[in-house]
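Undergrad: below: sequence and its predicted model.
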Amino acid sequence: MTNANVIFYALLSGIIPALIWLAFWLHEDYKHPEPRGLILKTFLLGMLAVVFVLPFQKGVDILFPGMTFIAILLWVILEELFKLGAAYIGGLKSVDDNEPIDPIIYMITAALGFVALENALFIFGPILVGENIVNNIISGNLRFIGASLLHIVSSSIIGTALAFSFYKSKRKRITLTLFAIILAVLFHAGFNLAIIYWYNSGAVIAFGMVWIGVILLLLAFEKAKTIAR
């Protein structure tokens, strides 16, 4: 198999599931949808965030070798900040971010762009060394359930804070957003630590966490729709 084919299959198996998730969440804003150009831009910037965050994560690995608590925490902080940066450049700073539900949409879109490339890279390596394509696409798509939900929920915590403080003063908005970033980091790090250190029981706890997070996110969407100036 040529390198071009490997890249194609990896990207395809990473991007398509992310787009399915994206279509689901965009439906929550069907009454006043965001411009498709901005959604695409934010999604692509989310993918680009993976490229920019990797060198920093490599630096963390050099400074703190092994899957130590500090290393995991720094990795998570970097990912959450880069996703937030992608969402900000993509749609949060635009004039189309004009109703409380919009920040949630842009944060989720950036998160799914991040997931798309992250999963593609996860699948890319094994395929490149000649392992079974179908098996790796299946394992990648099983992984996308957990990884996608994790990134969706953690980013939506920040998006929800921006939504609920949409008509608040700048000071209150910054304060609530900083608190949400900390909460998103703790949630994300808790998921990773449970998976790494508690094995099967940790996986059950971690997936339970993200599904509870999804339910709360759906409730946050409904609440955001009712927020008026």
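TA: Right, received. Where do you want to start?
Undergrad: state the mean pLDDT of stretch 32-50.
TA: Averaging pLDDT along stretch 32-50 gives 94.
Undergrad: for it, buried residues please.
TA: Across stretch 32-50, burial judged by 16 or more other CB atoms under 10 Å covers 34, 38-39, 41-50. No exception for glycine: its C-beta is placed from N, CA and C like everyone else's.
Undergrad: check stretch 91-104 too.
TA: Buried residues in stretch 91-104, counted by 16+ other CB under 10 Å: 91-92, 94, 96-97, 99-104.
Undergrad: and that stretch, end to end?
TA: 11 Å (CA to CA, to the nearest Å).
Undergrad: and it, how far from the chain's centre?
TA: Stretch 91-104 sits 17 Å away from the centroid of its parent chain (CA atoms, centre = their mean, to the nearest Å).
Undergrad: same check on stretch 148-159?
TA: Mean-position distance between stretch 148-159 and its chain equals 5 Å (CA atoms, centre = their mean).
Undergrad: any weak-confidence spans in this structure?
TA: In the predicted model of the chain, residues 1-10, 13, 124-145 satisfy pLDDT under 70.
Undergrad: ranges for the strands of it?
TA: With DSSP state E, there are no strands along the chain.
Undergrad: for it, just list every one of the helices.
TA: Under the criterion DSSP state H, helices of the chain are mapped to 3-26, 36-63, 69-87, 101-128, 133-164, 170-226.
Undergrad: which one of the buried residues of stretch 32-50 sits closest to residue 169?
TA: Using CB to CB, residue 34 comes nearest to residue 169 of these, at 24.9 Å.
Undergrad: thinking the closest one is in contact with residue 108, fair?
TA: No. Residue 34 is beyond contact range of residue 108, at 11.0 Å (criterion: CB atoms under 8 Å).
Undergrad: picking that back up, can you say which of the helices of the chain is packed in most?
TA: helix 101-128 (a mean of 25; mean count of other CB atoms under 10 Å).
Undergrad: run through the neighbouring helices and strands of that one.
TA: helix 3-26, helix 36-63, helix 69-87, helix 133-164, helix 170-226 (3 or more CB pairs under 8 Å, 6 or more residues apart in numbering; DSSP states H and E).
Undergrad: distance to residue 115 for these - can I get that in JSON lines?
TA: Listed next are these as JSON lines, based on distance: least, CB to CB, whole Å:
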{"stretch": "helix 3-26", "distance to residue 115": "5"}
{"stretch": "helix 36-63", "distance to residue 115": "8"}
{"stretch": "helix 69-87", "distance to residue 115": "10"}
{"stretch": "helix 133-164", "distance to residue 115": "5"}
{"stretch": "helix 170-226", "distance to residue 115": "12"}
